[in-house]
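**Q** Sequence first, then the predicted structure, then my questions.
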Amino acid sequence: MTAGSDAPIFRVMLRMQIRPGMEEEFEKTWYQVGDAVTQHPANRGQWLSKSTEETGVYYIVSDWVDEPCFREFEKSERHLEHRTKLHPYRSGGSMTTMNVVYDMSRETAHRR
């Protein structure tokens, strides 16, 4: 459970290695199809970040109401379509899931 909130956050972080020369097109495509994730009622937000240390490496972080809702989305037709559009850019990657213990942005907001 996150401090300052009754609702826990389930976080998913994808590390994606993008094929050389396809980074710009990947970014545009990710943005165009991103609503497949963010419009899901259990999604709390999604972010795309580009590594400053590794060429062609991106991190996609998304927050979810809970793990069962994420797993339901992960098996959905909507997610399959989303993955299919991004797959041509990807040369490798991994996924990590986690529960947020503290959310300092929420803590700060509560103190104001």
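**A** Perfect, thanks for sending it.
**Q** Any figure for the gap between the closest residue in space to residue 89 that isn't next to it in sequence and residue 86?
**A** Among residues not flanking residue 89 along the chain, residue 26 sits closest, at 4.0 Å (Cβ to Cβ, 6 or more residues apart in numbering). All C-beta spots, glycine's among them, are computed from the backbone N, C-alpha and C. According to Cβ to Cβ, to the nearest Å, residue 26 stands 7 Å off from residue 86.
**Q** packing partners for whatever helix or strand residue 72 lives in?
**A** In this assignment (DSSP states H and E), residue 72 forms part of helix 67-74. Helices and strands touching helix 67-74, by 3 or more Cβ pairs under 8 Å, 6 or more residues apart in numbering; DSSP states H and E, are strand 10-18, strand 57-64.
**Q** ok, now with 10 Å
**A** Helices and strands touching helix 67-74, by 3 or more Cβ pairs under 10 Å, 6 or more residues apart in numbering; DSSP states H and E, are strand 10-18, helix 35-38, strand 43-50, strand 57-64, helix 77-86, strand 90-99.
**Q** Using CSV, write down the CA coordinates of that helix.
**A** These are the backbone C-alpha positions of helix 67-74, laid out as CSV (Å, rounded to 0.1, in the frame of the first residue of the first chain):
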residue,chain,number,x,y,z
GLU,A,67,-2.3,-7.1,-10.7
PRO,A,68,-5.4,-9.0,-11.6
CYS,A,69,-6.7,-6.1,-13.7
PHE,A,70,-3.3,-5.8,-15.4
ARG,A,71,-3.2,-9.5,-16.2
GLU,A,72,-6.7,-9.3,-17.6
PHE,A,73,-5.6,-6.5,-19.9
GLU,A,74,-2.4,-8.4,-20.8
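**Q** Thanks a lot, see you next time.
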